[in-house]
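> got a sequence here, can you model it:
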Amino acid sequence: MTTTTPTVRSERSAAMRRTTGLTRANALLMLRNRLNLAYAFVLPLLPMAFLLFGDRGDVGAAGMALTSTVVMAVLFPVFYNVLSMTVTRRDELVLKRIRTGETRDLELLTSLALPGVVVAMIVGVVAIPLALALGAPMPVNPALFVLAVLVAALTFAVLAFWTAAWTKNAEAAQITSMPVILLALVGQVAVSFPEEVRRWADLTPGAAITDLVRSSWLGLEGTSTDPTLDFGSTWAAAGQPLLVLAAWAALGVWLTARSMRWEPRS
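All right, here's what the predicted structure looks like:
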């Protein structure tokens, strides 16, 4: 026991250093591109403009603005960025070269996902004071709102790796990304669907994000437009949408493990 513990700690420390180093390099490449910066920090916050067209404290305008912000934050700096970065690094044989060293697959994938996830979290945190300044009501459960952004970001990062597995090149990512983008956008408007359709649409990651934002910030349950949830009941209402996101993440992990490609497609 005394001989193995230092070894395990040493291995964990080395894994942490490798992951941190790769993450820093990927973040640097991401931040050097001005277009990526605009997609990462500016585009997700543009939906906040909806708040300017509603009355101060308007639940409808706040729900639309906040939900769109979170969806955009997990689609662009996370999903599409991780997808294009993974495909580009694969085609340039960067992933293959890194895997020939000590770096493990999980460390490599984590380093690709972390920059986008961190950006999404920054956008989510910045959205809180910005929304309040623009007239949104006070969030019922800000901790749950931040948790929703984190879980959604991790889910879409996993879906990006799965999409990369069957994306031929970086140009093709514009097409192969569409199914996941549609899952996010269709779910966002699921609250307006008939009951028969909404029952299935509620199983999409976009619908789960919408439910989490509406309940955590506005205290809304289901399709209701009247706030009825308090701090404690928002956690209970978050159970189902969190499970939906967890199920999509688990599915993405399973599909990625079966189909991930580390070299260019022939």
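> and the residue nearest the centre of this structure?
Centroid-nearest residue in the chain: residue 153, 1.9 Å away (criterion: Cα atoms, centre = their mean).
> what's the neighbour count on residue 9?
For residue 9, the count of nearby residues is 10 (other Cβ atoms under 10 Å). Quick note: C-beta positions are derived from backbone N, CA and C, even for glycine.
> show the pLDDT at it.
Here, the pLDDT recorded for residue 9 equals 79.
> and residue 2, by the same measure?
Looking at residue 2, the pLDDT reads 48.
> and what of residue 265?
pLDDT, residue 265: 68.
> circling back to that earlier point, quick one: pLDDT of the residue nearest to the residue nearest to the centre of the chain when sequence neighbours are not counted?
Nearest-residue entry for residue 153: residue 120, 4.1 Å, with adjacent residues in sequence omitted and distances by Cβ to Cβ, 6 or more residues apart in numbering. Predicted confidence (pLDDT) for residue 120: 96.
> just the element for the residue nearest to the centre of the chain, please.
helix 142-165 (DSSP states H and E).
> likewise residue 68?
helix 59-73.
> let me know the angle separating the following helix or strand past that helix from helix 142-165.
Toward the C-terminal end, the helix or strand that comes next after helix 59-73 (DSSP H and E) is helix 81-91. Here the directions of helix 81-91 and helix 142-165 differ by 30 degrees (axes from the mean of the first three to the mean of the last three Cα atoms, to 10 degrees).
> quick check, distance from helix 81-91 to the centre of its chain.
16 Å (Cα atoms, centre = their mean, to the nearest Å).
> what's the mean pLDDT across it?
In the prediction, helix 81-91 has an average pLDDT of 93.
> and that helix, C-alpha only, in CSV?
What follows is helix 81-91 as a C-alpha-only set of coordinates in CSV (Å, rounded to 0.1, in the frame of the first residue of the first chain):
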residue,chain,number,x,y,z
ASN,A,81,-15.7,24.7,-32.0
VAL,A,82,-14.9,21.2,-30.5
LEU,A,83,-16.2,19.5,-33.7
SER,A,84,-14.1,21.6,-36.1
MET,A,85,-11.0,21.6,-33.8
THR,A,86,-11.1,17.8,-33.5
VAL,A,87,-11.6,17.2,-37.3
THR,A,88,-8.9,19.7,-38.2
ARG,A,89,-6.4,18.2,-35.7
ARG,A,90,-7.2,14.7,-36.9
ASP,A,91,-6.7,15.6,-40.6
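> so what touches that helix?
26, 29-30, 36, 39-40, 95-96, 112-113, 115-116, 156-157, 160-161, 163-164, 167, 169-170, 172-173, 176-177, 261-264 (Cβ atoms under 8 Å, 6 or more residues apart in numbering).
> and the buried ones among those, selectable in ChimeraX?
Buried members of these can be picked out in ChimeraX with the line below, counting by 16 or more other Cβ atoms under 10 Å:
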select :26,30,36,39,40,95,112,113,115,116,156,157,160,161,163,164,167,170,173,176,177,262
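> got the buried residues for the strand or helix carrying residue 35?
If you go by DSSP H and E, residue 35 is part of helix 34-37. For helix 34-37, the buried set under the neighbour-count rule, 16+ other Cβ under 10 Å, comprises residue 36.
> let's test this: mean pLDDT of that helix, rounded?
Taken as a whole, helix 34-37 has an average pLDDT of 83.
> ok, and the closest non-adjacent residue to residue 136?
Once flanking residues are discounted, residue 136 sits nearest to residue 62: 4.2 Å by Cβ to Cβ, 6+ apart.
> so what's the residue count around the one you found?
26.
> surely it meets residue 56?
No. Under the criterion of Cβ atoms under 8 Å, residue 62 makes no contact with residue 56, lying 9.9 Å away.
> quick revisit: quick one: buried residues of the helix holding residue 68?
In terms of neighbour count (16+ other Cβ under 10 Å), helix 59-73 has its buried residues at 59, 61-73.
> with stretch 14-23 instead?
Neighbour-count burial for stretch 14-23, with 16+ other Cβ under 10 Å as criterion, is recorded at 15, 18-19, 22-23.
> hmm, who's touching it?
Counting by Cβ under 8 Å, 6+ apart, 98, 102-104, 107-108, 110-112, 114-115 sit against stretch 14-23.
> one more time with 10 Å, if that's ok
With contact meaning Cβ atoms under 10 Å, 6 or more residues apart in numbering, stretch 14-23 is reached by 98, 101-104, 106-115, 118.
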